[in-house]
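Trainee: Mind looking at a prediction? Sequence and model below.
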Amino acid sequence: MLHIVNKSSLQTSALASCLRLAKTGHALLLTEDAVYAATASGAAASGVAAAVARLKVYVLQPDVEARGMAGKLAAGVTPVDYAGFVDLVAEHPNNQSWL
């Protein structure tokens, strides 16, 4: 399953809910303001740092760059471009967008 979160963990509880319910081996894609949770400074507080041990964590690279966070991602987080986003959706026929 692919979980997609687009809101900052400081704005909503969507990421926390996602991390609580996602099962080991699932994939998580952070987009828009959710990419802040994947930075080295935000990963511990958001729960992403612990999640990389059981989930495949991705961020949308254009959103990372648009927010000036390039080069600041936490260990274990993989950036993907739009083509990579499409590949993730194709690879995971089940997906959940967390609002």
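Mentor: Done, it's in.
Trainee: which residue is nearest the middle of the chain?
Mentor: Leu30 (2.8 Å; C-alpha atoms, centre = their mean).
Trainee: in this structure, which spans are strands?
Mentor: Taking DSSP state E as the criterion, the chain contains strands spanning 2-5, 27-30, 56-60, 77-80, 95-98.
Trainee: got the ones you listed as CSV, with distance to Leu19 and mean pLDDT columns?
Mentor: To be clear about C-beta, it is placed using only N, CA and C from the backbone, and glycine gets the same treatment. Formatted as CSV, the strands of the chain follow (distance: least, C-beta to C-beta, whole Å; pLDDT from 0 to 100):
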stretch, distance to Leu19, mean pLDDT
strand 2-5, 9, 98
strand 27-30, 8, 98
strand 56-60, 10, 98
strand 77-80, 14, 98
strand 95-98, 10, 97
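Trainee: follow-up on the earlier one: I'd say the residue nearest to the centre of the chain and Ala38 touch.
Mentor: Yes: using C-beta atoms under 8 Å, Leu30 is in contact with Ala38, at 5.3 Å.
Trainee: okay, and the common contacts of these two?
Mentor: Shared contacts of Leu30 and Ala38, defined by C-beta atoms under 8 Å, 6 or more residues apart in numbering, comprise 48, 57, 59.
Trainee: Out of the helices and strands in this structure, which is least certain?
Mentor: Within the chain, no helix or strand scores below helix 43-46, which has a mean of 94 by mean pLDDT, DSSP states H and E.
Trainee: I appreciate the help and will end here.
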